[in-house]
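1. I would like to see how this sequence folds:
(one chain, ligands or ions: 2)
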Amino acid sequence: MSEEAAQFNCTGCGKCCLEGAGALPVVEEDIARWEEQAPHVLKYVTWQGKAGARQGIHAGSTVTGRETTRCPWIKKYPGRPQYYCRIYETRPQVCRTYPTSREHALYTDCEGYDAPAVKGD
Ligand code: SF4
Ligand code: SF4
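-> Numbering: from 1, shown residues only. Ligands and ions are numbered 1, 2, ... in the order given. Here you go, the predicted structure:
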């Protein structure tokens, strides 16, 4: 783990999933994993390309027809201002690598760098 990564503690504020997460890029690795482990996720995904090199978009609007700004898998913990991902174990690559740097975090209003470690889950 890099020194930069070691300083990152997600606060669970949910901003990264609530704002600007209505359309997430997905890659072959995500699509193949969902086919095997979580096919229900695929109803939010449209893709193009040949098997082995598919790329696409995960978006709630592909199902509802409505514009969304939040990811459909974000859920608030009852009684506290924190959120969790309902598909955390199989979340897409873009979520696994977010934020890609301290600058990326600052630019997207993520306060995880230099935040104290969150106790509990
Ligand atoms: S914006 Fe940053 S601190 Fe907030 S939930 Fe996302 S990764 Fe965690
Ligand atoms: S898949 Fe999970 S981590 Fe990614 S944007 Fe949606 S709720 Fe957030």
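2. so where's the protein uncertain?
-> When the per-residue scores of the chain are filtered using pLDDT under 70, the ranges that remain are 1-6, 61-67, 118-121.
3. Return the residues of it in contact with ligand 2.
-> Residues of the chain lying close to ligand 2 (CB under 6 Å from any ligand atom) are 17, 21, 24, 71, 73-74, 85, 87, 91, 95. Backbone N, C-alpha and C define where each C-beta goes, glycine included.
4. Could you provide these in TSV, with additional columns for secondary structure and neighbour count?
-> Shown next, in TSV, are these (DSSP: H, G, I helix; E, B strand; the rest coil; neighbours: other CB atoms under 10 Å):
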residue	secondary structure	neighbour count
Cys17	helix	21
Ala21	coil	23
Leu24	strand	22
Cys71	coil	27
Trp73	coil	21
Ile74	strand	16
Cys85	strand	17
Ile87	coil	17
Arg91	coil	21
Cys95	helix	18
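5. Farthest pair within the residues you listed?
-> By the measure CB to CB, Ala21 and Ile87 form the most distant pair in the residues of the chain next to ligand 2, at 12.6 Å.
6. Contacts made by the lengthiest helix in the chain with the rest, please.
-> The single longest helix within the chain, with elements called by DSSP state H, is helix 28-37. Helix 28-37 is contacted from outside by 41-42, 45, 47, 49, 52-56, 58, 90, 92-93, using CB atoms under 8 Å, 6 or more residues apart in numbering.
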